[in-house]
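Q: Got a predicted model here, sequence first, then my questions.
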Amino acid sequence: MRPAKLRRPVTTPALFTFGYEGLTINGFIARLKDARVNLIVDVRELPLSRKKGFSKTAFREHLAAAGIGYEHRPALGCPKPVRNQYREDGDWAAYTRGFLAHLGTVNTEVRNLATTARKHRACLVCFEADFGFCHRTYVARAVRAAGGPAVQHLTARTALADAPASLAA
């Protein structure tokens with residue numbers, strides 16, 4: 001199967017994040033179209049889902065039918081040991097440290113995604129609806145720091161500009 005031809009952005013490049021938790025595939029795609037996203041970057045290490053339409057092959061096919069491209073970047077997913085530890089202890093700070101340590105090992109992938117995001121209205125996708133508790137936010141911030149466009153987090157109804165908390169001295 002040939003990859004879908006990507007729609008060219010109708011406005012400036014942007015880097016969105018969006019979690020599909022609580023949405024149907026049709027609702028998810030409608031929201032992407034509202035935001036004029038033309039490329040999905042799947043940052044799940046394993047692109048499998050219990051939600052109909054969101055596992056890799058079906059997801060790619062639904063997106064292609066809507067004129068939206070799909071790329072899977074497993075290196076930007078959260079490694080299984082970090083995920084498993086979080087499931088066990090629920091310690092978000094430990095999860096964050098573990099994921100950021102991993103993210104520091106995939107600098108080439110981050111820079112490549114920054115290049116891609118400058119050419120498209122791209123959207124990083126994972127399951128978690130709350131971007132404040134999802135690794136995709138850390139990926140998006142790393143891409144921005146590597147020269148990618150400004151980050152916006154999509155929700156079912158709105159888009160929020162990324163505003164990382166600053167550390168007080």
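A: Received, thanks. Numbering: from 1, shown residues only.

Q: pLDDT weak spots in this structure?
A: 1-11, 158, 165-169 (pLDDT under 70).

Q: the helices in it, which residues?
A: All helices of the chain, identified by DSSP state H, fall at 25-34, 56-65, 80-89, 92-103, 107-119, 135-145.

Q: Now do the buried residues in the fourth one.
A: Going back to what we said before, that points to helix 92-103. For helix 92-103, the neighbour count (16 or more other Cβ atoms under 10 Å) marks 95, 96, 98, 99, 102, 103 as buried. The way it works is simple: take the backbone N, C-alpha and C, and place the C-beta from them, glycine included.

Q: which one of those is nearest residue 40?
A: If you rank the buried residues of helix 92-103 by distance to residue 40 using Cβ to Cβ, residue 103 comes first, at 19.8 Å.

Q: how close does that closest one get to residue 145?
A: Remark: distance between residue 103 and residue 145 (Cβ to Cβ, to the nearest Å) = 11 Å.

Q: tell me the contacts of residue 55?
A: 47, 48, 49 (Cβ atoms under 8 Å, 6 or more residues apart in numbering).

Q: would CSV of those residues with neighbour count and distance to residue 71 be doable?
A: Formatted as CSV, these follow (neighbours: other Cβ atoms under 10 Å; distance: Cβ to Cβ, whole Å):
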residue, neighbour count, distance to residue 71
47, 20, 11
48, 9, 17
49, 17, 17
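
Q: nearest residue to residue 21 other than its sequence neighbours?
A: residue 129 (3.9 Å; Cβ to Cβ, 6 or more residues apart in numbering).

Q: So that neighbour is in contact with residue 28, correct?
A: No: Residue 129 lies out of contact with residue 28 (Cβ atoms under 8 Å); the separation is 10.9 Å.

Q: who touches both of the two?
A: Listed as contacting both residue 129 and residue 28 by Cβ under 8 Å, 6+ apart are residue 20.

Q: more neighbours, those two?
A: In terms of neighbours (other Cβ atoms under 10 Å), residue 28 is the more surrounded of residue 129 and residue 28; the figures are 26 against 15.

Q: before we move on, back to that, just send the contacts of residue 55 back as JSON lines, with distance to residue 22 too.
A: Formatted as JSON lines, those follow (distance: Cβ to Cβ, whole Å):
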{"residue": "47", "distance to residue 22": "19"}
{"residue": "48", "distance to residue 22": "18"}
{"residue": "49", "distance to residue 22": "13"}
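
Q: and which of those residues is nearest residue 135?
A: Nearest to residue 135 out of the contacts of residue 55 is residue 47 (Cβ to Cβ; 14.0 Å).

Q: All set now, cheers.
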